[in-house]
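In: Quick one, structure for this:
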Amino acid sequence: MFFKNIKILDEFFKIQEDMSVLIKGGRIVYIGREVPENTEEVYEGKNKLLMPGFVNSHAHTPMTLLRGYSENQKLQDWLVNSVFPFESKMNEQDVFNGMMLGIAEMLRFGIVSTTDMYFKCEEMCRAALVTKTKFNISNGMTCFDGSRLADNKSYKDTENMLREYHNANDGAIIVDASIHGEYTSNPDIVREMVEYALKNGLNMHVHLSETELEHRESIERRGKTPARYFSDLGVFDVNTTAAHCVWVSDEDIDVLAEKNVTVSTNAMSNLKLASGVCRVPYMMKKGVNVSIGTDGVASNNSLNFLEEIKLFAVLHKGVNYNPEIITPEEAIRAATLNGFQAQGRKDSGLVKEGYKADLIVIDMDKPNYYPAHNILNNIVYSSAGSDVCLTMADGNILYKDGEYYTLDIEKVKFEAVKSVEKILNK
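Out: Numbering: from 1, shown residues only. As a prediction, this is how the structure comes out:
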């Protein structure tokens, strides 16, 4: 595919005008101003911007089925009285249907790759496979007794996923290891999961200090914070994405930086559940790799990633009384390159020759992009999710101008509603 006359966000996160970009074999093979011959498909890029696709670095995608189901409650009440009972009724087909609905929404909003943690994850892998989307998928391991890893259902499911789906679709699907959290684990099983991840070369995905209660009770229970607990058990010796990190201490942040842990901040979800605000500027100053996640749709309500990027950019200005904190370039890096790096996808996240063609196109011929004093400012502060007009992963067009190329959107919506009706009537 050949993009012509198009603006690009180049590898240095600068805007270049009237560029040509050629895609072959799922990779970017040419960027310049020449017009290659014999290209099969030509995309006219006038008034459009080609940029890296977004990475949702912490999600529970099948939770689309719980969108708007239970609102305006404290976190523990919401989980125990609403979310857990609903999820206990979800079978494999329901997880698949929720996953397909989430994928459709993500593609519409320019998310090309997602780091996900849930259960019945083989169904999630199957949905990713048929839609040709990129996912790092993990089964959140929990253990409330003294059992061994080999007896844990999450471990057994992860073993099955590794055999069937790891690196499927030419590496589009990556199976990660996961420990759900400090409060849902014990030290012995955590050590075993670390050994398992290191043996198999897997990434790690955890929840970390999402709430004040979680953080405080860990200190009371373990004599140490969740970050110190995981670090001492070797979790951070694995390439780790730690979600939330709202209540981490200064010392915790030093550990995260030293161990190259990626913090996935989930601003919309944390605000809606009144969990607090992650100290992103301080983390970035300390050298922590910070990425952006949505968390589950049950606590966010949408996968509109440009909305998430804007909140990431403006929230910290407000709470720190400092308009210079978080530049548009930093926000875009957090939404793209930083997320790909956390996933272990070292050749994605830039419009650069040799990189995977994990790209989106934004239609800038809309009133909200005029005037264009600074296009990066407009992307972060003025864009709407609906401005994404093309989503591409590994060089495959997955969404373009209202059309889905790898899923039947009417069937996806119908099956999701059918699942919800069945669950509510159980």
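In: helix/strand/coil for the most centrally placed residue in the chain?
Out: With distances taken as CA atoms, centre = their mean, residue 56 lies nearest the centre of the chain, 1.8 Å away. The three-state assignment at residue 56 reads strand, by DSSP: H, G, I helix; E, B strand; the rest coil.
In: mind listing what residue 42 touches?
Out: Contact criterion CB atoms under 8 Å, 6 or more residues apart in numbering gives 1, 2, 4 as the residues in contact with residue 42. In this view, the C-beta of every residue, glycine as well, is placed from N, C-alpha and C.
In: Distance check, it against residue 5.
Out: Between residue 42 and residue 5 the distance is 10 Å, computed by CB to CB, to the nearest Å.
In: rewinding a little: among the contacts of residue 42, which one sits closest to residue 111?
Out: If you rank the contacts of residue 42 by distance to residue 111 using CB to CB, residue 1 comes first, at 20.0 Å.
In: thought that closest one was touching residue 36?
Out: No. In this structure residue 1 lies outside contact range of residue 36 using CB atoms under 8 Å: 10.9 Å.
In: shared neighbours, those two?
Out: Jointly contacting residue 1 and residue 36 under the rule CB under 8 Å, 6+ apart are residue 22.
In: Give the buried residues for stretch 38-47.
Out: Of the residues in stretch 38-47, those buried by neighbour count under the rule 16 or more other CB atoms under 10 Å are 39, 43, 45.
In: Restricting to C-alpha, output that stretch in PDB.
Out: Coordinates of the C-alpha atoms in stretch 38-47 are reproduced here as PDB (Å, rounded to 0.1, in the frame of the first residue of the first chain):
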ATOM      1  CA  ASN A  38       3.700  -0.400  -9.500                       C
ATOM      2  CA  THR A  39       2.000   0.000  -6.200                       C
ATOM      3  CA  GLU A  40      -1.200  -2.100  -5.800                       C
ATOM      4  CA  GLU A  41      -3.200   0.300  -3.600                       C
ATOM      5  CA  VAL A  42      -2.800   4.100  -3.400                       C
ATOM      6  CA  TYR A  43      -4.200   6.100  -0.600                       C
ATOM      7  CA  GLU A  44      -4.600   9.900  -1.200                       C
ATOM      8  CA  GLY A  45      -3.500  11.600   2.000                       C
ATOM      9  CA  LYS A  46      -4.400  15.200   1.400                       C
ATOM     10  CA  ASN A  47      -5.500  16.800   4.700                       C
END
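In: mind checking which helix or strand of the protein has the lowest mean pLDDT?
Out: When each helix and strand of the chain is scored by mean pLDDT, DSSP states H and E, helix 75-78 comes last, with a mean of 84.
In: Can you name the element that comes right after that helix?
Out: Using DSSP states H and E, the helix or strand that follows helix 75-78 towards the C-terminus is helix 84-87.
In: how about the CA coordinates for the helix or strand following that next one, as CSV?
Out: Secondary structure here is assigned by DSSP H and E; on that basis, the next helix or strand after helix 84-87 toward the C-terminus is helix 92-108. The C-alpha trace of helix 92-108 is given here as CSV (Å, rounded to 0.1, in the frame of the first residue of the first chain):
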residue,chain,number,x,y,z
GLU,A,92,-16.5,-18.8,27.0
GLN,A,93,-18.9,-17.5,24.3
ASP,A,94,-19.7,-14.4,26.4
VAL,A,95,-16.0,-13.7,26.8
PHE,A,96,-15.5,-14.0,23.1
ASN,A,97,-18.5,-11.8,22.3
GLY,A,98,-17.3,-9.1,24.7
MET,A,99,-13.9,-9.3,23.3
MET,A,100,-15.2,-8.9,19.7
LEU,A,101,-17.2,-5.8,20.8
GLY,A,102,-14.1,-4.3,22.5
ILE,A,103,-12.0,-5.0,19.4
ALA,A,104,-14.5,-3.2,17.2
GLU,A,105,-14.5,-0.2,19.4
MET,A,106,-10.7,-0.1,19.7
LEU,A,107,-10.2,-0.3,16.0
ARG,A,108,-12.7,2.6,15.5
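In: Can you mark which positions in helix 92-108 are buried?
Out: Buried positions in helix 92-108, judged by neighbour count with 16+ other CB under 10 Å: 94-108.
In: average pLDDT across it?
Out: Regarding helix 92-108, the rounded mean pLDDT is 98.
In: Repeat that for stretch 403-413.
Out: Averaged over stretch 403-413, pLDDT sits at 98.
In: if we can go back for a sec, show the pLDDT at the residue nearest to the centre of the chain.
Out: Looking at residue 56, its pLDDT reads 98.
In: how long is stretch 263-277 from one end to the other?
Out: One end of stretch 263-277 sits 13 Å from the other (CA to CA, to the nearest Å).
In: What's the mean pLDDT across that stretch?
Out: The average pLDDT for stretch 263-277 rounds to 96.
In: now it: how far from the chain's centre is it?
Out: 14 Å (CA atoms, centre = their mean, to the nearest Å).
In: Same question for that stretch: list its buried residues.
Out: Applying a neighbour-count criterion of 16+ other CB under 10 Å, the buried positions in stretch 263-277 are 263, 264, 265, 266, 267, 268, 269, 270, 272, 273, 275, 276.
In: now swap in stretch 406-415 and tell me
Out: Quick answer for stretch 406-415 (16+ other CB under 10 Å): 406, 407, 409, 412, 415.
In: re earlier: among the contacts of residue 42, which one sits closest to residue 191?
Out: Top of the list for closeness to residue 191, among these and by CB to CB, is residue 1 at 47.5 Å.
In: Could you give the number of residues near residue 299?
Out: Close neighbours of residue 299, defined as other CB atoms under 10 Å, add up to 24.
In: Leaving out the residues flanking it, which one is nearest to it?
Out: With CB to CB, 6 or more residues apart in numbering as the criterion, residue 299 has its nearest non-adjacent residue at 4.3 Å, and that residue is residue 269.
In: still on that earlier bit, tell me which of the contacts of residue 42 has the lowest pLDDT.
Out: Of all the contacts of residue 42, the one the model is least sure of by pLDDT is residue 1, with 91.
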